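Visitor: Sequence and predicted structure, then a few things I'm wondering about:
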Amino acid sequence: MNAPASLPGGAKIAQIPGLHMGKVRALFSTPWAFVSMCQIVREDESIGYLEPTNIQMKFLQACADYRWVICDKFRQAKITTPSVMLLLRDCMYLEGVKGVLIAERQDTAEDIFERILFAYKNLPDDVRVPVETGRKPGTTQIHFVHGGGIKVLTAGGRSPAVGRSIDRLLLTEFGEAQWQRKAAANIFPAVNKRQNARVVLESTPGASGSHHETMWHNALEGKGRFHPVFLEWWLDPSCRVDPVGFRPTDTELEYMKRHPGMDVHNLAFRRISLQTEMANDERLFTSKYPSDPYDGWLGGGAPIMPVDVLKDCLLSSVVPPEPMPKGASLLERPVKGRAYLVCADPAGFGSTGDNSAVTVWDAIERREVAVWEGREDPGRFAERLLNLQRFYNHALLAVESNAAACIAMLKDKGARNLLWTDRNHPGWYATEKRVQEGEARLVRMLRDSELTIKSKPLLHQLLNYDGNRTKRAANNDGTTHHFDLARTAVMAADVLSRRRFTADEAPAQPAQDFGTPDGSRVTIADLDRFKHHERAAARNPFKPINREWT
């Protein structure tokens with residue numbers, strides 16, 4: 001007999017005397033078959049079978065197709081209930097399977113566990129697996145006769161621990177957990193080595209820059225085990241209001257056009273929610289009802305990049321491929337004779353602190369062609385930069401000079417075509433004024449489509465980039481915001497907007513030689529001088545000259 005379509009790989013249905021095994025196998029025929037058999041207390045306080053919505057079915061299908069699922073949901077999406085029903089199904093019917101439910105608070109976990117017990121007790125006798133002899137279901141755990149079971153934990157403590165290997169893990173509202181990084185470090189090792197283990201992490205968006213957001217972005221970039229699932233609130237039947245007397249504004253109509261499937265019923269729901277519990281705060285609304293996978297993450301900082309432009313870029317962005325050894329992830333290979341720009345933000349020595357980051361840009365088309373970020377000491381990073389510079393036609397190399405160690409390593413290695421701030425300061429010197437000017441140029445170039453960013457990691461950083469390098473907000477678990485890739489984009493905008501490269505020129509030749517044997521020192525003063533001449537050439541020749549009257 002063929003296995004049921006939704007039976008998890010590697011699982012074996014326990015043979016329990018007294019059960020109707022044909023019915024049990026039928027409960028695995030579709031991802032929502034068992035869920036539809038469970039009784040719940042509905043919102044109108046009546047008791048009835050759970051009838052999955054289209055949003056819940058989308059989520060359940062993802063849980064059937066992928067072993068690790070991370071879900072970005074909207075408020076009251078009612079995803080937790082089908083999630084725990086899947087947990088009950090697998091732990092009740094699959095031989096020896098143990099599951100853990102983790103919520104941000106103990107009272108929340110116990111409240112959710114009551115739903116499991118209610119559904120279990122209301123199952124027909126011929127499909128309800130008996131509990132282990134002498135162990136009645138409690139408020140935090142249930143043990144079945146075949147050795148499987150479910151227990152609840154909380155992620156609210158500083159060091160949440162599972163204490164045993166588990167086969168099914170459900171984390172609900174992980175974005176609300178206070179110690180996310182420590183929770184993940186303690187919880188996931190109990191699952192990672194389980195070949196057939198299944199994990200569901202579901203939550204509304206949390207704090208910007210949090211460990212939760214990093215996990216979500218990594219999933220969107222195709223990194224790690226998690227498969228991302230975004231749930232559209234406007235496709236849920238509960239997010240609709242009768243639009244009698246409702247007249248949408250032009251802004252609301254434009255908002256609707258950006259979201260396929262949205263109609264005036266959803267707009268009416270949005271407006272009444274804004275006016276009722278959101279106090280007309282649109283950022284607060286998006287934190288509970290995100291309109292796309294990058295929406296709704298709230299932070300203490302104030303992002304300064306054009307979010308609308310970045311989201312448009314994300315639609316055509318790519319996940320960078322595996323990086324070359326001692327190089328970077330190549331988005332485009334070099335074109336012979338083309339001028340390129342390498343922008344680098346080095347880290348210092350030590351095992352903690354910022355990452356090193358580098359981006360490579362086609363200086364003619366002003367397009368990102370390579371990207372890399374990681375923890376690397378200045379010596380190794382300098383070698384990586386030289387490799388990239390040679391690979392991309394001996395490109396102009398701009399290195400932030402505030403981390404002097406990498407600059408020193410480059411000079412020792414005889415680096416050529418290195419950007420200098422002036423004749424005494426090698427590298428791109430990140431003064432407050434220059435950084436702010438670079439940020440302003442980056443904003444303008446993005447809005448005017450003069451700069452093309454292709455990699456998801458860089459776009460993800462720019463979404464939250466607030467320009468604050470020394471006073472980053474730290475989360476409770478010590479997680480800080482890292483904008484190292486974003487800083488390289490600021491550097492690129494500063495250099496590319498000052499210097500016009502041509503297709504047939506040698507890469508970025510200096511205006512004058514400041515005493516180096518190879519004459520390869522290019523300074524920001526050269527770039528400023530070029531910009532001055534460019535502006536002067538554009539002046540109106542018919543403008544009257546200034547006159548002095550005596």
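Guide: All right, it came through fine.
Visitor: How about residue 347, nearest residue that isn't a chain neighbour?
Guide: Leaving aside its sequence neighbours, residue 347 sits nearest to residue 356 (CB to CB, 6 or more residues apart in numbering; 4.5 Å). Yep, even glycine has a C-beta here, placed from its N, CA and C like the rest.
Visitor: so who does that neighbour touch?
Guide: The contact partners of residue 356, by CB atoms under 8 Å, 6 or more residues apart in numbering, come to 344, 345, 346, 347, 373, 374, 375, 376, 381, 406, 484.
Visitor: What subset of the residues you listed is buried?
Guide: Neighbour counting by 16 or more other CB atoms under 10 Å classes 344, 345, 346, 347, 373, 376, 381, 406, 484 among the contacts of residue 356 as buried.
Visitor: Grab the two from the residues you listed that are most spread out in space.
Guide: 373 and 406 (14.6 Å; CB to CB).
Visitor: Just the buried ones among the contacts of residue 356: which are in helices?
Guide: Judged by DSSP state H, the buried ones among the contacts of residue 356 include 381, 406, 484 as members of helices.
Visitor: and of these, the nearest to residue 207?
Guide: Ranked by distance to residue 207 (CB to CB), these are led by residue 484 at 20.0 Å.
Visitor: And that closest one, how far from residue 363?
Guide: Distance, residue 484 to residue 363, using CB to CB, to the nearest Å: 21 Å.
Visitor: before we move on, the earlier item: which of the contacts of residue 356 fall in strands?
Guide: Cross-referencing those against strands under DSSP state E gives 344, 345, 373, 374.
Visitor: Now render the ones in helices among the buried ones among the contacts of residue 356 as CSV, adding distance to residue 225 and pLDDT.
Guide: Compiled in CSV, those are given as follows (distance: CB to CB, whole Å; pLDDT from 0 to 100):
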residue, distance to residue 225, pLDDT
381, 29, 93
406, 34, 89
484, 25, 89
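Visitor: Pipe those residues into CSV and attach distance to residue 126 per row.
Guide: Below are these laid out as CSV (distance: CB to CB, whole Å):
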residue, distance to residue 126
381, 65
406, 70
484, 60
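Visitor: Out of the residues you listed, which comes closest to residue 8?
Guide: Residue 8 has its nearest neighbour among those in residue 484, at 39.8 Å by CB to CB.
Visitor: does residue 381 really touch residue 347, like I thought?
Guide: Yes. Counting by CB atoms under 8 Å, residue 381 does reach residue 347; the two are 7.2 Å apart.
Visitor: so how far is stretch 309-323 from its chain's centroid?
Guide: Offset of stretch 309-323 from its chain centre (CA atoms, centre = their mean, to the nearest Å): 12 Å.
Visitor: what does stretch 260-271 give?
Guide: On CA atoms, centre = their mean, the centre of stretch 260-271 falls 26 Å from the chain's centre.
Visitor: who's in contact with it?
Guide: Contacts for stretch 260-271 (CB under 8 Å, 6+ apart): 232-235, 239-243, 246, 248, 252-253, 255-256, 285, 289.
Visitor: of those residues, buried ones?
Guide: Using 16+ other CB under 10 Å, the buried ones in the contacts of stretch 260-271 are 232-235, 239, 241, 243, 248, 252, 255-256, 285, 289.
Visitor: can you redo the residues you listed as a markdown table with secondary structure, pLDDT and distance to residue 295?
Guide: Formatted as a markdown table, the buried ones among the contacts of stretch 260-271 follow (DSSP: H, G, I helix; E, B strand; the rest coil; pLDDT from 0 to 100; distance: CB to CB, whole Å):
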| residue | secondary structure | pLDDT | distance to residue 295 |
| --- | --- | --- | --- |
| 232 | coil | 95 | 11 |
| 233 | helix | 95 | 10 |
| 234 | helix | 95 | 13 |
| 235 | helix | 94 | 15 |
| 239 | coil | 93 | 15 |
| 241 | coil | 93 | 21 |
| 243 | coil | 91 | 23 |
| 248 | coil | 93 | 20 |
| 252 | helix | 92 | 16 |
| 255 | helix | 91 | 12 |
| 256 | helix | 94 | 15 |
| 285 | helix | 89 | 10 |
| 289 | coil | 92 | 9 |
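Visitor: List just the nearest of the residues you listed to residue 19.
Guide: Nearest to residue 19 among the buried ones among the contacts of stretch 260-271: residue 235, at 37.1 Å, using CB to CB.
Visitor: Nearest the geometric middle of the chain, what residue?
Guide: Computing the C-alpha centroid of the chain and ranking residues by CA atoms, centre = their mean puts residue 217 first, at 1.6 Å.
Visitor: So the spatially closest residue to residue 437 that is not a sequence neighbour versus residue 354, what's the distance?
Guide: Closest residue to residue 437 apart from its sequence neighbours, by CB to CB, 6+ apart: residue 494 at 6.6 Å. Remark: distance between residue 494 and residue 354 (CB to CB) = 20 Å.
Visitor: One more: residue 242?
Guide: Per CB to CB, residue 242 is found 52 Å from residue 354.
Visitor: Could you do residue 421 as well?
Guide: 21 Å.
Visitor: got it, and residue 144?
Guide: Using CB to CB, residue 144 is found at 49 Å from residue 354.
Visitor: So for the two, which sits in the more crowded spot?
Guide: Using other CB atoms under 10 Å as the criterion, residue 144 and residue 354 rank with residue 144 on top: 25 against 19.
Visitor: what about the residue nearest to the more buried one when sequence neighbours are not counted, how many residues close to it?
Guide: Excluding its sequence neighbours, the residue lying closest to residue 144 (CB to CB, 6+ apart) is residue 129, at 5.1 Å. Other residues near residue 129 come to 19 when the count uses other CB under 10 Å.
Visitor: Looks to me like residue 143 is in a strand.
Guide: Yes. Residue state for residue 143 (DSSP: H, G, I helix; E, B strand; the rest coil) corresponds to a strand.
Visitor: Contacts only, for it.
Guide: Contacts of residue 143 were listed using CB under 8 Å, 6+ apart, and they are 131, 132, 135, 149.
Visitor: Now list the buried members of those.
Guide: Buried members of those, counted by 16+ other CB under 10 Å: 131, 149.
Visitor: What distance do you get for residue 491 to residue 15?
Guide: Taking CB to CB as the measure, residue 491 falls 65 Å from residue 15.
Visitor: okay, these two: which has more neighbours?
Guide: residue 491 (28 against 10).
Visitor: what helix or strand does the more buried one sit in?
Guide: Per DSSP states H and E: residue 491 is located in helix 484-498.
Visitor: Put the alpha carbons of that helix into CSV.
Guide: Provided in CSV are the C-alpha atoms of helix 484-498 (Å, rounded to 0.1, in the frame of the first residue of the first chain):
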residue,chain,number,x,y,z
ASP,A,484,29.0,47.1,6.6
LEU,A,485,27.8,46.3,3.2
ALA,A,486,25.6,49.4,3.3
ARG,A,487,28.6,51.6,4.0
THR,A,488,30.3,50.3,0.8
ALA,A,489,27.3,51.4,-1.2
VAL,A,490,27.6,54.9,0.4
MET,A,491,31.3,54.9,-0.7
ALA,A,492,30.4,53.8,-4.2
ALA,A,493,27.8,56.5,-4.6
ASP,A,494,30.3,59.1,-3.3
VAL,A,495,33.0,58.1,-5.8
LEU,A,496,30.9,57.3,-8.8
SER,A,497,29.0,60.6,-8.5
ARG,A,498,32.3,62.6,-8.4
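Visitor: helices or strands up against that helix?
Guide: Here helix 484-498 touches strand 340-345, strand 356-362, strand 367-374, strand 396-399, helix 432-447, helix 456-464, helix 524-537, going by 3 or more CB pairs under 8 Å, 6 or more residues apart in numbering; DSSP states H and E.
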